[in-house]
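Peer 1: got a structure for you, letters missing:
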């Protein structure tokens, strides 16, 4: 048992509102409360925490206070006009899970990819429900630009896209996924209906048990649903999977319009060749990006849908805040 007054290192493995569950080096987990706004932590944060003195806990069991959030390698988040929503920190990669059905939004996929690029976090795309032959074929075709960005020879700018068939009773593509996850901390991101819960349950044999531990740490169900949670895939606790809540919107207000091009690999591949250094890639003469956009007469290396999304996001980020 940790002594009150001692500052100990820990890892935030779950969050609900301003409450966090911190795991210490020995694997013990306890609910911790932030000391002021500056110590607000997110899942994946390394923190210094202090055990509560006897009789000072806010509930039953061992509790503590987060004294400081250690420096982060990165933070994956979204931001709209009203608020900022942080998903997790210190990530190695983001696994964006979409499905053949319901039909996924390419705009939302692009936004999540842009946020990952902006934070310098490696993104992976997984397309679920390969067992639905025709819907999957259509969805796989829609992902062609992401599998072939920059042209057939330019593998540097491609995204890795994985086909999956996740079912509660069927096999998961563990052999394909586990080597990509091993030794890393991966955030799983996806809309409702994509199969995110199924993926977590199949990859993490003890997910339900770990969820029970979290509920117990959060005072026996006082907070029954955590918004984000980290699961260990292996007993050595070297491979982590972070489950995040679904989302309907993905704001990118934390980016400036000029940031967009470098966060879209297919556009970034040509942006440095434009006539003007401050080219917006929307209307300027001598724009190398516009010259690569596919048309009815030319295949191009930038898909029309990707360029349309770029233009829509540029306009959105150029608008003055309405509040």
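Peer 2: The structure has been received and is ready for your questions. As the structure is a prediction and not an experimental result, all values here were calculated from the model.

Peer 1: all helices of the stretch 51-200 of the chain, in order?
Peer 2: Ranges of helices within the stretch 51-200 of the chain are 106-118, 133-142, 144-147, 174-181, 196-203, based on DSSP state H, counting those that start in this stretch.

Peer 1: now those helices as TSV including mean pLDDT?
Peer 2: Output for the helices of the stretch 51-200 of the chain, formatted as TSV (pLDDT from 0 to 100):
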stretch	mean pLDDT
helix 106-118	96
helix 133-142	96
helix 144-147	93
helix 174-181	88
helix 196-203	87
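
Peer 1: need those helices in a markdown table with mean neighbour count and distance to residue 94, can you?
Peer 2: All C-beta atoms are positioned from the backbone trio N, CA, C, and that covers glycine. Converted to a markdown table, these look like this (neighbours: other CB atoms under 10 Å; distance: least, CB to CB, whole Å):
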| stretch | mean neighbour count | distance to residue 94 |
| --- | --- | --- |
| helix 106-118 | 20 | 5 |
| helix 133-142 | 14 | 19 |
| helix 144-147 | 16 | 14 |
| helix 174-181 | 14 | 12 |
| helix 196-203 | 19 | 13 |
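
Peer 1: Quick check: which of these is nearest to residue 16?
Peer 2: With distances scored as CB to CB, the stretch of the helices of the stretch 51-200 of the chain nearest to residue 16 is helix 196-203 (17.3 Å).

Peer 1: quick one: terminal-to-terminal distance for stretch 279-288?
Peer 2: 10 Å (CA to CA, to the nearest Å).

Peer 1: circling back to that earlier point, in CSV, list the helices of the stretch 51-200 of the chain along with distance to residue 233.
Peer 2: Formatted as CSV, those follow (distance: least, CB to CB, whole Å):
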stretch, distance to residue 233
helix 106-118, 21
helix 133-142, 26
helix 144-147, 26
helix 174-181, 7
helix 196-203, 6
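
Peer 1: So which of those is nearest residue 36?
Peer 2: Comparing those by CB to CB, helix 106-118 comes nearest, at 27.3 Å.

Peer 1: Now do the closest one: which elements does it pack against?
Peer 2: Where contact means 3 or more CB pairs under 8 Å, 6 or more residues apart in numbering; DSSP states H and E, helix 106-118 is packed against strand 75-79, strand 93-99, strand 122-128, helix 304-318.

Peer 1: got those as JSON lines, with mean pLDDT and mean neighbour count columns?
Peer 2: Below are these laid out as JSON lines (pLDDT from 0 to 100; neighbours: other CB atoms under 10 Å):
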{"stretch": "strand 75-79", "mean pLDDT": "94", "mean neighbour count": "19"}
{"stretch": "strand 93-99", "mean pLDDT": "96", "mean neighbour count": "23"}
{"stretch": "strand 122-128", "mean pLDDT": "95", "mean neighbour count": "22"}
{"stretch": "helix 304-318", "mean pLDDT": "96", "mean neighbour count": "16"}
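
Peer 1: looking at those, which is closest to residue 15?
Peer 2: Using CB to CB, the helices and strands packed on helix 106-118 put strand 75-79 closest to residue 15, at 13.0 Å.

Peer 1: Export the helices and strands packed on helix 106-118 to TSV and append columns for distance to residue 258.
Peer 2: Output for those, formatted as TSV (distance: least, CB to CB, whole Å):
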stretch	distance to residue 258
strand 75-79	17
strand 93-99	23
strand 122-128	21
helix 304-318	9
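
Peer 1: So for residue 238, which of these sits nearest?
Peer 2: Smallest distance to residue 238 across the helices and strands packed on helix 106-118 (CB to CB): 14.5 Å, for strand 93-99.
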